[in-house]
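Asks: What follows is a protein structure lacking sequence information:
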């Protein structure tokens with residue numbers, strides 16, 4: 001088969017011939033219908049410091065996918081040949097304290113598809129049956145392959161009920177855009193989105209943001225005043241920090257009202273200093289860290305959101321055959337895209 005492989009320790013990827021997968025007793029071979037680019041994959045493509053520590057070539061990368069089951073191991077019972085599936089990318093151990101107490105999403109020993117084992121940037125991928133998610137066949141591949149990253153946004157946005165609430169989303173990369181769409185579908189009253197890219201703020205409007213703010217157009221005090229004005233002087237009920245940018249992190253905490261909540265998904269590139277008493281303690285807020293999806297509660301919730309009319313199509317701005325992967329990564333680097341989908 002053809003696969004996109006990190007063949008050596010260095011920048012770039014190679015489209016090459018790769019051995020066809022052979023399933024073990026509890027494994028399934030999936031013919032990939034669509035797979036989407038992720039920021040994690042961009043780190044691997046650039047071969048930054050994180051990738052140098054984490055990736056051991058050769059490795060087929062990619063972890064956001066959908067496709068059809070074409071072969072099953074002898075003891076597989078959860079799916080059958082022909083099933084249309086997506087996949088959870090976090091492969092948990094099932095034995096640690098977290099896995100045994102309903103907290104498998106923070107398993108101490110989890111492995112990641114496309115990082116610790118060969119992934120989805122290929123014509124076929126081999127997966128344990130217990131990470132597969134049977135998908136509504138009415139959801140087209142370019143949307144179905146996004147269920148894993150949308151799940152991050154579902155967990156971030158719906159860590160608490162958003163119905164009738166005011167929400168600030170800082171960072172309108174794909175997951176921030178998904179979070180805006182989720183908040184809209186879940187009944188948020190007012191959604192404010194901030195980002196330094198006018199292009200991505202335009203996408204935020206398309207998926208449901210009521211107000212968009214570019215921090216480059218404001219002094220910090222003016223930005224805080226604009227949010228207070230939108231919320232009648234109260235501040236937002238919930239801040240969803242999706243960027244990891246230190247200024248956006250402070251904005252998220254400053255904008256939330258006393259007794260509100262802040263959800264953190266964006267990853268800073270280094271340590272961040274906070275005014276802990278005034279930004280958190282004295283405000284009596286709740287803070288949630290988000291890593292992946294709740295297994296498999298988030299997936300069930302997302303299925304319901306799709307039935308409720310979740311609209312994430314505007315986020316898919318580009319699609320290419322697998323052979324044009326470099327163009328996709330260039331778009332991610334430029335920031336002039338939403339989600340990029342590849343078709344093997």
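Replies: Structure received. In this text the structure is predicted, and so the values were computed from the model without any measurement.
Asks: from here on, contacts and neighbour counts on C-alpha atoms
Replies: Fine.
Asks: For the spatially most central residue of the chain, which non-adjacent residue is closest in space?
Replies: Note on the chain: the residue nearest the mean C-alpha position is residue 149, at 3.0 Å, using Cα atoms, centre = their mean. In this structure, residue 149 finds its nearest non-sequential neighbour in residue 175, 6.7 Å apart by Cα to Cα, 6 or more residues apart in numbering.
Asks: all strands for the stretch 151-300 of the chain, in order.
Replies: 166-170, 190-194, 211-213, 236-241, 256-264, 286-289 (DSSP state E, counting those that start in this stretch).
Asks: Please point out which parts of the fifth one sit buried.
Replies: Read it as strand 256-264. Within strand 256-264, the residues scored as buried using 16 or more other Cα atoms under 10 Å are 256, 257, 258, 260, 261, 262, 263, 264.
Asks: so the fourth one sits right up against residue 284, yeah?
Replies: Think residue 260. Yes - if you go by Cα atoms under 8 Å, residue 260 and residue 284 touch, sitting 7.5 Å apart.
Asks: Which residues lie in contact with the residue of the chain positioned farthest from its centre in this structure?
Replies: What lies farthest from the middle of the chain is residue 74; by Cα atoms, centre = their mean that is 32.7 Å. Residues near residue 74 by Cα atoms under 8 Å, 6 or more residues apart in numbering: 24, 25, 26.
Asks: would the second one count as being in a helix?
Replies: No - secondary structure of residue 25 (DSSP: H, G, I helix; E, B strand; the rest coil): coil, not part of a helix.
Asks: and it, backbone torsions?
Replies: Here is the backbone geometry of residue 25 (degrees, to the nearest 10): phi -60, psi -40.
Asks: which ones are touching it?
Replies: Residues in contact with residue 25 (Cα under 8 Å, 6+ apart) are 72, 73, 74, 75, 76.
Asks: can you tell me which of those residues lies nearest to residue 337?
Replies: The nearest member of the contacts of residue 25 to residue 337, counting by Cα to Cα, is residue 72 at 36.5 Å.
Asks: where does residue 270 land on pLDDT?
Replies: Note for residue 270: predicted pLDDT of 88.
Asks: For it, the count of nearby residues, please.
Replies: Per other Cα atoms under 10 Å, the neighbour tally for residue 270 reads 8.
Asks: Residue 48 now?
Replies: As a burial measure, residue 48 scores 13 neighbours (other Cα under 10 Å).
Asks: Could you check how far it is from residue 269?
Replies: Residue 48 sits 12 Å away from residue 269, going by Cα to Cα, to the nearest Å.
Asks: Surely residue 318 touches residue 341?
Replies: Yes - counting by Cα under 8 Å, residue 318 does reach residue 341; the two are 6.4 Å apart.
Asks: Between the two, point out the one with more neighbours.
Replies: residue 341 (27 against 14).
Asks: Now do the contacts for that one.
Replies: Residue 341 neighbours (Cα under 8 Å, 6+ apart): 34, 35, 36, 37, 142, 316, 318, 319, 320.
Asks: any idea which of these is the one closest to residue 170?
Replies: Nearest to residue 170, judged by Cα to Cα, of the contacts of residue 341 is residue 316 at 19.6 Å.
Asks: and the residue nearest to that closest one when sequence neighbours are not counted, how many residues sit next to it?
Replies: In this structure, residue 316 finds its nearest non-sequential neighbour in residue 339, 4.6 Å apart by Cα to Cα, 6+ apart. Using other Cα under 10 Å, residue 339 has 25 neighbouring residues.
Asks: Please report how far residue 339 lies from residue 275.
Replies: Noted for residue 339: a distance of 34 Å to residue 275, by Cα to Cα.
Asks: picking up where we left off before, show me the contacts for the residue nearest to residue 316.
Replies: Residue 339 neighbours (Cα under 8 Å, 6+ apart): 36, 37, 174, 315, 316, 317, 318.
Asks: ok, now residue 335?
Replies: Counting by Cα under 8 Å, 6+ apart, residue 335 touches residue 197.
Asks: and residue 200, what does it touch?
Replies: Contacts of residue 200 were listed using Cα under 8 Å, 6+ apart, and they are 172, 173, 336, 337, 338.
Asks: Against residue 339, how distant is it?
Replies: 11 Å.
Asks: tell me which element residue 51 falls in.
Replies: Using DSSP states H and E, residue 51 falls within helix 49-54.
Asks: what sits up against the following helix or strand past that helix?
Replies: The element immediately downstream of helix 49-54 (helix or strand, assigned by DSSP H and E) is strand 59-60. Identification of contacts with strand 59-60 by Cα under 8 Å, 6+ apart yields 3-7, 114-115, 117-122.
Asks: In TSV: the residues you listed, plus pLDDT and secondary structure.
Replies: TSV is the format used below for these (pLDDT from 0 to 100; DSSP: H, G, I helix; E, B strand; the rest coil):
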residue	pLDDT	secondary structure
3	98	strand
4	98	strand
5	98	strand
6	98	strand
7	97	coil
114	97	coil
115	97	coil
117	96	strand
118	97	coil
119	98	coil
120	98	coil
121	98	coil
122	98	strand
